Every structure is written in structure tokens, then in C-alpha cells.
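J.: need a structure here:
(4 chains)
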2 protein chains.
Amino acid sequence: MSTSALNARAGLKRDRVRDFLLDLIGDKRPGDAIPSERDLCRELGVSRPTLRAAIDDLVRQGLLVREHGRGTFIGPHKVTQQLAATAGSSFYVPPAEGHWLSRVLEFDSAPAGARLAHRLQVSPADPVLRAVRLRIVDDEPMAIERIHLPHALVRGLAPEDMESGSFYQLLRARFGVDVRSAVQTIEPTVTDETEAELLGVPQYAPALLFERTTRDAGGRIVELTRSIYRGDRYRITSELYFDADSG
Amino acid sequence: MSTSALNARAGLKRDRVRDFLLDLIGDKRPGDAIPSERDLCRELGVSRPTLRAAIDDLVRQGLLVREHGRGTFIGPHKVTQQLAATAGSSFYVPPAEGHWLSRVLEFDSAPAGARLAHRLQVSPADPVLRAVRLRIVDDEPMAIERIHLPHALVRGLAPEDMESGSFYQLLRARFGVDVRSAVQTIEPTVTDETEAELLGVPQYAPALLFERTTRDAGGRIVELTRSIYRGDRYRITSELYFDADSG
DNA sequence: GGCGCATAGTGGTCTTTACCAGTAGCCGCG
DNA sequence: CGCGGCTACTGGTAAAGACCACTATGCGCC
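T.: Predicted structure coming up:
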């Protein structure tokens, strides 16, 4: 590589390419195409691996979307999930933006086994229902959800029951399961190969990993879920309260 | 490249290299070194760009840490932040795990200007205090926090006041600002160049972006913060409540 | 024994080249 | 006019090579 007038950090070719692309993106709308890789290489005087590295970064951020054989396009915008307190003291979880559906990918039942039995507080021989569903909003995959429930709670539940409407409402109305509270963890992660394919994002794209242990009014564990939300299309809001001792 | 017995998706050299490295990582502890890039290339029969792409992925996940001129090492483990309801109805924010300190990087005051005035609900000419601090836990940078407060609320506040202890307690005790509630958004992001350097992670590493609008008991906006938490070392837990209408 | 320098390690950046695989558009034929 | 095939586009994967820059270790000299 020939000498660069800029210092090694600020002036890397990859960085200058990325800045150029950010300016390009700023002028366009979701779905618009950007010039082809080979055109950009000629225009910017860089090699394809270097250009691709810059584009890789923007793809991981959700700003660009690549389609094999078609081109590279401006990415769509984010969906927001709000966690807000209701007038009462409960911490209400309203629906996220957009029109949500689910597609059930897997649906089976098997004995809990030692580890799952412990987490669900059932006997290891008790059957546990296991469902995997793809959460879809406005026709695009948004999340993959893996759910475990004690089978005894939901006798007769069918896959299509989990594809529209509120699952918690269904639990209440049909099975008398009064879903009341949950502990949930959120952490950033990156998609693996299967998740990437299902969600339509690249492998190792930023994502949010949610794990939730849900209880009914009596404190009984009714559900374990583990969900991956694509990071380029999802954001959480929450409303916090502090008392006199809060940090 | 010679023909591959495995199909294009499952059998990419990059993927096989990554799987090999995951096995290697599984046998070691944080801080342990893995073999050098050139050694791994010889051992696995792949080119350096291909090996580096596989290592890049593991570095972004926080599983590996690279040090220029020294080697590649196993990454450290995650810190957990808990959001839990207290016995009262408020949504308490307890301290996250570990011993937290701050280092104030920037600390100045300037007129709010139109946009910030709108968000803070002050006049554009009102001075606003702006602080940037690096949040450190157990001697490692964990987050970068950018804070704006109306200067009138905190006359006499000095940078060192923000480096240890609870800032909200300080607001209460010294300035009579009764911090009571906040709206916060959380979304996954990737670090930019400056953030990466301050946090000691690679650029474009997964991170969590928090934006918070904090109010006092009277509903007055007392603080705006925008924070980046490194994604390889941070996780959030929360406790959720559902009423009879919750989804 | 300590310090400084040089060398050999390490990771980091980029180019060039080759080839694979998917998609779209155009042209020709039925 | 529609369909199929071919070509030229697009992105995708990988290797080889060159050189930069940081760090650690060892050796020699003071």
C-alpha cells in the first residue's frame, strides 16, 4: 500500500470508505440500492476485500442489506418495544409497534429431564411442551422464540394457537393460567448461522438475547422462554422509578 | 481454492476454523493465550485472511481479545445489571455487580441551544452542564456515559463529585434534587472508533445503547444521559408484572 | 546487574488474483 | 406474446503476498 497522508488510525482506507458510504446512505431511503461493489472499488481506488470489510461493518449495524446476485440496499428502520408502568403498580408490557404474527417452526412434547425439570419446578418425568416460533412483524422476521411450558398446564394446545393473538390471553381464557410476573434478562449477542438464516440477517449481526421465567399469580413457573431479537430492527424503552435510596 | 467436500454453508473454511477455535476456547480460562495466527494458519491449512475473519467474529462476541504485538487471549466474563421491583411499587435500580468507579473525561457548561433546550425543557440561553464519564468496574472500562443537566440545578458541582458514590444520592443530599423517575431506551449497537478505544473493545463490537430522560418528584426533567455499555461484559435482568389484560 | 538495542516474535492493513454462485435482463424462437 | 436460455451483471469465498506496527526477549556492553 502506498503512503497515506492521514495517520494510521483516523485515515485507514476502510474507515474512509465507510465514511463515504455513510454519506451515501444519508441521502437515500430504505430499499434504495447503492452502487455495486466493483463500481465503488473503481470509484474509491480500493480493493474489493477492503471495500467489503467496510460494507460488512455497515451490514452488521443494519444500515445496509446485501442480496446475493442483486445488489446492496439501504436497510429498514427499527421497531420499538415499550416497557411502561400502568396506572396501577404492575409493570405492563404493551405490544410492540407493528402488526405481529408468529410462525410455529417446532412443536413437540417430551419428558422434562433433570435440568429443565429443575428450572420449571416439575418432575423430570413430567412432559414439557416445547415450541419454537418465528415472530414476524409487517411481513418481516423479527425474533426467534423458544418456549417451554409444563404440558399439564396446556393440554390440547395446538401449534396454530400460538400463531396469532396474545398467548398470555389464551393461557388465561382457555387454560385458566393467570400469567402475572416474570424475570427477564437482556443481553447483546450476535446471531449464529441458523438464527441468521431465519431472521434474514447476516451471521454475527448484533442481536438482543432475552431469557424470561414467567410465573402465574400463585408464583408457579408457567413458562421459560429464550428469544433472539434482531438488533437492526428492535429497541426497548422502559420507564424507571427511583425511591429515596435509589442509586 | 480447491473443492470442498462440505456444502457451501455448513462447510466454509471460516466456519470450520471458528468451530475449532470454540473448542480451543472451551478448554481455557480468561487471560489464557491461544496459538498465534501464523501457527494456526499452518496447523489448519488456511490463509491468514480466512483465519482472521474467523477470529474477528469471536472477538466481536467477546470470546477472544486481541493485543497488537502480544497475542490473542481468552476474553473475560459478563457483568449483570438487575432491574427489580422493590417491596413498594417503585421500580428500583440496584447497583450492578462489581466495584464501580467513574473517570470524568469531559466536564463543561454551555448554553443549551434550541435542540437540547427542547429536550431538557429549559430556555435555549440557559446554561447546561455536560459531562462525559467512563464507567469502570473492577478496573476495567464498562461504559461511556454522556450526561446533560440544567446548570441551575447543580451549581458548584465539580468533576470529582461524579467519580465515586451515587450521583443520584448526591443530587438529593447536596442539591435537593429528588430524582424520581426516568424513561429509558435500550438498543443494541456497535462501538464506533472512539468508543472502542475508551472501552478497550474492537470497533463495531456489539454494545448496548441506553438513552435516559430522568425526572424529579415534580416531573421536571433533571438529566439526559446517553450511555454505551460494552456488550461482551454486560447483561440486564428485569422483573416484569402482567395484569389481566397483558399480552 | 542493569540498560539499551536489535531481532524475532506478535497482530494489523491492504492489494491482487481467481473462482463460485445468484439474479436480472435481453434476445431469439415457438 | 410468452418462455427459455444465455450473458452480464451482482455478491460471496478464499489464497497468496507484501508490508506496517507493536511487544517481548535475549545479548552485549558499561
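J.: alpha carbons only for contacts and neighbour counts from here, please
T.: Fine.
J.: Using the record's assignment, carve chain A into domains.
T.: Domains of chain A are assigned by automatic domain parsing as A:3-74, A:79-239.
J.: Pick the most deeply packed of those domains.
T.: Of all the domains of chain A, domain A:79-239 carries the top mean neighbour count, a mean of 18, counting by mean count of other CA atoms under 10 Å in any protein chain shown.
J.: circling back: got CSV for the domains of chain A, with distance to residue B:205 and mean pLDDT too?
T.: Shown next, in CSV, are these (distance: least, CA to CA, whole Å; pLDDT from 0 to 100):
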stretch, distance to residue B:205, mean pLDDT
domain A:3-74, 10, 83
domain A:79-239, 8, 81
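J.: For residue B:113, find the nearest of these.
T.: domain A:3-74 (24.2 Å; CA to CA).
J.: circling back: what would the domains of chain A look like in TSV with distance to DNA strand D?
T.: As requested, the domains of chain A are arranged in TSV below (distance: least, CA to the nearest atom of the strand, whole Å):
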stretch	distance to DNA strand D
domain A:3-74	3
domain A:79-239	8
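J.: So which of those is nearest DNA strand C?
T.: For these, the distance to DNA strand C is smallest for domain A:3-74, at 3.2 Å, taking CA to the nearest atom of the strand.
J.: With adjacent residues omitted, what lies nearest to the residue nearest the centre of chain A?
T.: Centroid check for chain A by CA atoms, centre = their mean gives residue A:229 as the closest residue, at 0.6 Å. Of all residues beyond its chain neighbours, the one nearest residue A:229 is residue A:143 (4.3 Å), with distances taken as CA to CA, 6 or more residues apart in numbering or on different chains.
J.: just checking, that neighbour touches residue A:135?
T.: Yes. Contact criterion CA atoms under 8 Å: residue A:143 and residue A:135 qualify, at 4.9 Å.
J.: in chain A, which spans are strands?
T.: A:33-34, A:64-67, A:71-74, A:79-85, A:91-92, A:100-111, A:127-137, A:140-150, A:179-190, A:206-216, A:221-230, A:234-241 (DSSP state E).
J.: Any residue of the second one touching chain B?
T.: Put plainly, it is strand A:64-67. No. Judged by CA under 8 Å from any CA of the partner chain, strand A:64-67 stays clear of chain B, getting no closer than 14.1 Å.
J.: Beta-bridge partners for residue A:72, please?
T.: In this entry, residue A:72 is beta-bridged to residue A:34, residue A:66, by DSSP bridges.
J.: Check the gap between it and residue A:58 for me.
T.: Counting by CA to CA, to the nearest Å, the gap from residue A:72 to residue A:58 is 11 Å.
J.: Common neighbours of these two, please.
T.: residue A:64 (CA atoms under 8 Å, 6 or more residues apart in numbering or on different chains).
J.: pretty sure residue A:204 is touching residue A:194, no?
T.: No. Between residue A:204 and residue A:194 there is no contact under CA under 8 Å: 10.8 Å.
J.: Start and end of stretch A:60-68, how far apart?
T.: 16 Å.
J.: ignore the last one, stretch A:191-209
T.: End-to-end for stretch A:191-209, by CA to CA: 9 Å.
J.: near DNA strand C, which residues of chain A?
T.: A:1, A:9, A:11-14, A:45-50, A:67-70 (CA under 7 Å from any atom of the strand).
J.: switch to 6 Å and redo it
T.: A:1, A:12, A:13, A:14, A:46, A:47, A:48, A:49, A:50, A:68, A:69, A:70 (CA under 6 Å from any atom of the strand).
J.: how about those residues in CSV, adding distance to chain B?
T.: Output for these, formatted as CSV (distance: CA to the nearest CA, whole Å):
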residue, distance to chain B
A:1, 17
A:12, 12
A:13, 14
A:14, 12
A:46, 17
A:47, 14
A:48, 13
A:49, 10
A:50, 11
A:68, 14
A:69, 16
A:70, 19
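J.: Pull the most distant pair out of the residues you listed.
T.: A:1 and A:70 (30.9 Å).
J.: right, so of the strands of chain A, which gets closest to residue A:162?
T.: Nearest to residue A:162, of the strands of chain A and by CA to CA, is strand A:100-111 at 6.9 Å.
J.: That closest one: partners in the sheet, and parallel or antiparallel?
T.: strand A:127-137 (antiparallel).
J.: Give me the residues contacting the strand it pairs with.
T.: A:98-112, A:141-152, A:198.
J.: check contacts around the residue nearest to residue A:172 when sequence neighbours are not counted.
T.: Using CA to CA, 6+ apart and skipping residues adjacent in sequence, the residue nearest residue A:172 is residue A:178, 5.3 Å away. Contacts for residue A:178 (CA under 8 Å, 6+ apart) come out as A:171, A:172, A:216, A:217, B:244.
J.: didn't residue A:55 look like it was pressed against residue A:18?
T.: Yes. With contact defined as CA under 8 Å, residue A:55 counts as touching residue A:18 (7.0 Å).
J.: And the strands of chain A: which comes nearest residue B:30?
T.: strand A:179-190 (18.7 Å).
J.: chain center to stretch A:61-70, what's the gap?
T.: 18 Å (CA atoms, centre = their mean, to the nearest Å).
J.: again, but for stretch A:153-163
T.: With CA atoms, centre = their mean, you get 23 Å for stretch A:153-163.
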